[in-house]
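S.K.: I would like the atomic coordinates for the input below:
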Amino acid sequence: QVQLQESGPGLVKPSQTISLTCTVSGASIIGNYDGWSWIRQPPGKGLEWVGAISGSGDTNVNPSLLSRTSISRDTSKNQFTLHLRSVTPEDTAMYYCARDPINYGGMDYWGKGTLVTVSS
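M.R.: Modelled structure (predicted):
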C-alpha cells in the first residue's frame, strides 16, 4: 500500500518560504516509472499542479511558479520537498503530494493534504 504524508508549517508570513516535505511509504521515490508531484488548491478554487520530481531526480515546475519554486529529495528518507519562495496571501492553499506514474495519465496515490496559510 502506497502512502504519502505531507508535513510543514501551517502558517507562513508574506515574503517567506514555504517548505513542505512529502514522506512516502510503500514505494521508492527512486526509479524509472514514477514521478512525484505537488499539487495545490486555493480556497474556493480548482487544483493547480505545482511541480514534480522524477525517479531520476529531474524536476519540472509549473511555468507560472518557476521563478519561485524548487523541488528536492532525500532518497535516504524516501522524501521529497517543495520550496516556494517569496510567498503572498495568494499562495494560501491546501498542498498535496501525489504519485504520478509514467504513462498513467494522472496521479494514483495522494496524501491527505496540508493547509498552508500565508498571513502576517
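
S.K.: how much space between the residue positioned nearest the centre of the chain and Ala93?
M.R.: Geometric centre of the chain, nearest residue: Trp38, 2.6 Å, by CA atoms, centre = their mean. Trp38 is 11 Å from Ala93, where distance means CB to CB, to the nearest Å. Using the backbone N, CA and C atoms, a C-beta is placed for each residue, glycine as well.

S.K.: List of residues touching stretch 105-120?
M.R.: Under the contact criterion CB atoms under 8 Å, 6 or more residues apart in numbering, stretch 105-120 has outside partners 2-14, 18, 20, 22, 27, 37, 39, 41, 87-101.

S.K.: Can you say which of those residues are buried?
M.R.: 4, 6, 12, 18, 20, 22, 27, 37, 39, 87, 91-100 (16 or more other CB atoms under 10 Å).

S.K.: now stretch 33-41, how far from the chain's geometric center?
M.R.: Relative to its chain's centre, stretch 33-41 lies at 6 Å (CA atoms, centre = their mean, to the nearest Å).

S.K.: remind me which residues of the protein are low pLDDT?
M.R.: Along the chain, the model assigns pLDDT under 70 to no residue.

S.K.: can you give me the strands for it?
M.R.: 3-7, 11-12, 18-25, 34-41, 48-54, 59-61, 69-74, 79-84, 93-101, 109-110, 114-118 (DSSP state E).

S.K.: The fifth one pairs with which strands, and in what direction?
M.R.: Sheet neighbours of strand 48-54, with direction, are listed as strand 34-41 (antiparallel), strand 59-61 (antiparallel) (DSSP bridges).

S.K.: Buried ones in it, by neighbour count?
M.R.: Buried residues in strand 48-54 (16+ other CB under 10 Å): Trp49, Val50, Gly51, Ala52, Ile53, Ser54.

S.K.: OK, contacts around Ile18?
M.R.: Going by CB under 8 Å, 6+ apart, Ile18 touches Gly8, Pro9, Val12, Leu82, His83, Leu84, Val87, Asp91, Tyr95, Val116, Val118.

S.K.: Which single one of those is nearest to Leu65?
M.R.: Leu84 (7.1 Å; CB to CB).
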